[in-house]
Each structure stands twice: as C-alpha cells, then as structure tokens.
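In: my questions concern the predicted model and sequence given below.
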Amino acid sequence: MNTAARTAGHRSVDGVDRITLEPLVVVGLRERVAPAEIKAFFARSLPAVADRLARAGIRAAGPPVAVYRHEADQHFDVTAGFPVDPTSATPDSLVREQLPGGPAVRAVHEGSYDTLPAAYGALSRWFGERRLAPPTMMWEQYLVGPGDAPAAGYLTQIVFPMAG
C-alpha cells in the first residue's frame with residue numbers, strides 16, 4: 001500500500017506533520033518488551049509473522065509496522081507485524097491490531113534506527129509546545145529498512161493518532 005494514500009492534508013512544523021489517516025489493520029506478534037530487547041524481538045517476530053501470513057495465503061498490504069502501547073516499568077506492549085486487508089483472517093498465534101483513522105501527527109525519520117531519538121525529540125517538543133500529552137498508543141512504520149537500503153537510507157514513519 002502506498003503510504004501517501006494513507007495520509008492527506010499535512011503540513012510540517014519543525015519536522016512534525018499533521019495528517020489524516022485511513023484506518024489500518026495490522027496482524028502480528030505481541031509481547032511485553034524492554035527497549036534493549038526490541039531489536040531482537042523484531043529480528044525473530046517479523047520473519048515469523050511473514051511466514052505465518054504466507055502459509056495462510058495472506059499478503060502483506062504494506063511495510064512492517066510496530067505498535068507500541070502501555071509503557072510501564074520501562075517495558076512496552078509491542079505488536080510487530082504487517083498491514084493486511086481488513087477482511088483477512090487472523091492466523092492462529094497472531095494478534096490483530098485496528099489502527100485508527102483520522103487526525104494524527106507524525107515525524108518521518110531518515111537514517112539508522114540508532115538515530116530515531118531525534119525524531120522522537122521533535123515529536124516530544126511538538127506535544128510540549130501545545131501542552132498536550134502524547135497518546136498512549138502509537139506506531140512506527142518501516143517504509144525502507146534492512147534489506148532495502150544501507151542504514152543511512154532507512155525511512156521510518158512515527159505516528160501518534162489524535163482525538164478528533
């Protein structure tokens with residue numbers, strides 16, 4: 001799925017865009033993960049999800065997505081998977097995430113995953129300047145990643161859905 005088709009009417013403010021999203025269904029594996037374990041979690045979960053989807057005859061409808069929620073005690077509930085057609089079944093042992101459509105803010109980061117904190121810093125400033133608390137659920141979409149380009153060319157979209 002073309003990411004541009006999922007967003008409309010954006011304008012950039014200090015690297016942060018206000019966008020409008022279409023709803024998205026993601027199927028993947030969910031675990032409680034510490035930040036230091038996220039890379040290993042993705043390395044094992046994304047290939048496993050891709051394999052389970054292929055065995056079920058389900059095609060990914062876009063690049064990998066990681067949904068984060070419920071940060072507590074320096075751990076997150078993380079779902080790593082792929083967008084799918086909303087009418088697709090959910091294979092056994094995988095979970096289904098319904099990502100909301102509507103208003104959102106995002107930052108698009110180009111570069112290694114090690115430099116993602118810069119994009120999160122821009123988002124944090126954006127929320128702080130508006131005296132808004134970031135939503136408790138957000139996601140990263142890996143538009144260009146390992147196997148597609150060297151780390152300097154990775155492209156990651158970080159999305160926070162906003163209430164209407």
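Out: Now that the structure is in, tell me what you want to look at. Numbers count the residues shown, from 1 in each chain.
In: burial count for the closest residue to Ser112 other than its chain neighbours?
Out: Of all residues not flanking Ser112 in the chain, Ala151 sits nearest, at 4.0 Å (CB to CB, 6 or more residues apart in numbering). For every residue, glycine as well, the C-beta is placed using N, CA and C. Using other CB atoms under 10 Å, Ala151 has 12 neighbouring residues.
In: any idea how far Gly145 is from Ala151?
Out: To Gly145, Ala151 is 9 Å away according to CB to CB, to the nearest Å.
In: re earlier: what pLDDT is listed against the residue nearest to Ser112?
Out: The score at Ala151 is 88. That number is its pLDDT.
In: please save the CA atoms from stretch 95-103 in CSV.
Out: The C-alpha trace of stretch 95-103 is given here as CSV (Å, rounded to 0.1, in the frame of the first residue of the first chain):
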residue,chain,number,x,y,z
VAL,A,95,-3.0,-10.8,17.1
ARG,A,96,-5.0,-8.2,15.1
GLU,A,97,-4.5,-4.5,15.7
GLN,A,98,-7.0,-2.0,14.4
LEU,A,99,-5.1,1.3,13.9
PRO,A,100,-7.5,4.2,13.9
GLY,A,101,-8.1,6.5,11.0
GLY,A,102,-8.5,10.3,11.5
PRO,A,103,-6.2,13.1,12.7
